[in-house]
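Student: prediction below, plus the sequence it came from.
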Amino acid sequence: MARILGIESTCDETAAAVVEDGVRVLSSVISSQIELHARYRGVVPEIASRAHIENILPVIADALAGAHVTLADLDAIAVTHRPGLIGSLLIGVTAAKTLAWTLTRPLLAIDHVRAHLYSVMLGGAVQPQFPAVGLAISGGHTALYELRSFEDVRLIGSTIDDAIGEAYDKVAFILGLGYPGGPAIDRLAAQGDPSAIRFPRSNLSRTSLDFSFSGLKTSVLYHVRGHKGKERTAAQLSPQQIADVAASFQAACVDVVTTKLKRAIHQTRAKCVIVGGGVSANRGLRADLPKLGLPVYFPDFAYCTDNAAMSAGLAMLDLKANRIAGLDLDAITHSEFALTKPGA
C-alpha cells in the first residue's frame, strides 16, 4: 500500500491530493482562480503564479488533513512539471522538490496531459483494453494519442490553432456569456436547436488526425455580428437565438471530434477510447461519443478539470518502475510527446 501526495499548478488551479495505490483517492483539494481571471476572460500568467504562491501550502495542508495522514505517512511526492505556464509550474515543482528533500521521499515527475488520460482510472472501476485512443480535450489541449498502456503513449494528432476549450471561451465572449465559456455554452446548448445553423466543420485532409477550430469560431462571429454595414451585437439576439447559436456551435465541435476519433480508431485498431480534460465534462460529447461503437471512458466529473489526484494516481506507475526524478527537476512549458504516425 503506497500513499502518494500529488501537486498540481500547471495553469490556474492550485491542487493537492493523496492517492493510495494509484486509484483510491483519499483526498483531492482544488483552489480555483476563476474569479481572479474572469474580468480578463482568460488566464493572466503573472496573476496565476502569485495566487499559487499564496495557496500552495494551505492546499497541501488541507489535502493531508482530508486524507487523515501526516507528511511522515507519505511514500512519495508527485508533481506535474509539464506542460503549462512556466511561472505556475515553478511554484508546484519547488514545493514538491522541497518536500521530497526534507522527507527523503522519492520525487515523481508527471506530464499533465498523460495524467488527464489516466484520470479515468481514479476510483478503480475502469479496466480499459489496449491499444486505446486517448483524447485530451481542454482549454489548452486538443490532441489524440495512441495508448498501448498508460506508460506507452504516442501523440498522433493535435490542434493547429485554437484548443477546443479556447474556442468555447471565445464564442462565449461573442455571445456575451461569462468566463469560463465551456459550461455556459453547454448549458445553453441543451435549450437550443443544434441544426438551426450549419456552421463549418474543419476536417482538414481525409486522413488527418489534427484539429482546427479557428474557422468555426470566426463563422460564429460573422453569424452573430452580421456583415459589414449591418453590424449587430449578441444583445440584439433573442434568448432562443443565442441558445440556437450555442447548440449549433457545440454540434459542430462534437462532429469534428467524432470524425477524428473514428479515423484514429481505424488507423490504430483501438479497442476503446479514453477521454480526459476539462471539456470531457461536456454533455454533448458524453452523449455522442458512446455511439462510436467502442467502450468510451470518461473521468468522474470531479476529475475532469485540473486536479492533483490524476497526477498522484499516475505516479504510482512510475514509483513501481523506479522512475525517480532528481532534485534538479525542471519546470517545462511543453509536453513530452512528439507527433508520430499511428502504429509507429
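Tutor: Done, it's in. Everything numeric here is computed off the predicted structure, so don't read it as measured data.
Student: so what does the spatially most central residue of the chain have for phi and psi?
Tutor: Nearest residue to the geometric centre of the chain (Cα atoms, centre = their mean): Gly277, 2.4 Å. Per-residue torsions, Gly277: phi 110, psi 170 (degrees, to the nearest 10).
Student: I figured it was touching His116, is that so?
Tutor: Yes. Between Gly277 and His116 there is a contact at 4.8 Å, judged by Cβ atoms under 8 Å. All C-beta spots, glycine's among them, are computed from the backbone N, C-alpha and C.
Student: common neighbours of those two, please.
Tutor: Residues touching both Gly277 and His116 by Cβ atoms under 8 Å, 6 or more residues apart in numbering: 136, 138, 141.
Student: list the contacts of the closest residue to Asp73 other than its chain neighbours.
Tutor: In space, and not counting its chain neighbours, Asp73 is closest to Arg3: 6.0 Å by Cβ to Cβ, 6 or more residues apart in numbering. By Cβ under 8 Å, 6+ apart, the contact set of Arg3 is 18-20, 26, 67, 69, 73-75.
Student: nearest residue to His129 in space, please, no chain neighbours.
Tutor: Small correction: residue 129 is Gln, not His. Residue nearest to Gln129 in three dimensions, not counting chain neighbours: Lys271, with 4.1 Å by Cβ to Cβ, 6+ apart.
Student: could you check the distance from the residue nearest to Asp73 over to Ala315?
Tutor: Distance of Arg3 to Ala315, given as Cβ to Cβ, to the nearest Å: 11 Å.
Student: also Ala264?
Tutor: 27 Å.
Student: now swap in Leu117 and tell me
Tutor: For Leu117, the distance to Ala315 equals 14 Å [Cβ to Cβ].
Student: what comes up buried for stretch 38-48?
Tutor: 43-44, 48 (16 or more other Cβ atoms under 10 Å).
Student: out of these, which sit inside helices?
Tutor: Ala48 (DSSP state H).
Student: ok, Cys11 to Val43 distance?
Tutor: From Cys11 to Val43 the distance is 6 Å (Cβ to Cβ).
Student: now tell me which helix or strand of the protein has the poorest mean pLDDT.
Tutor: In the chain, the helix or strand scored least confidently by mean pLDDT, DSSP states H and E is helix 34-37, which has a mean of 85.
Student: can I get that helix in CSV? Just the C-alpha atoms.
Tutor: Backbone C-alpha positions of helix 34-37 (Å, rounded to 0.1, in the frame of the first residue of the first chain) are rendered in CSV as follows:
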residue,chain,number,x,y,z
ILE,A,34,-11.7,31.7,-11.8
GLU,A,35,-12.8,34.8,-10.0
LEU,A,36,-9.3,36.3,-10.4
HIS,A,37,-9.2,35.8,-14.1
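Student: residues in contact with it?
Tutor: Here helix 34-37 makes contact (Cβ under 8 Å, 6+ apart) with 12, 43-44, 47-48, 51, 179-180.
Student: with stretch 202-212 instead?
Tutor: Residues external to stretch 202-212 that are found in contact with it (Cβ under 8 Å, 6+ apart): 142, 144, 156-162, 164, 213, 215-216, 256-257, 259-260, 263-264, 267, 342.
Student: one more time with 10 Å, if that's ok
Tutor: Stretch 202-212 has contacts (Cβ atoms under 10 Å, 6 or more residues apart in numbering) with 133, 137, 142-144, 146, 155-164, 167, 201, 213-216, 219, 252-253, 255-257, 259-261, 263-264, 266-268, 339, 341-342.
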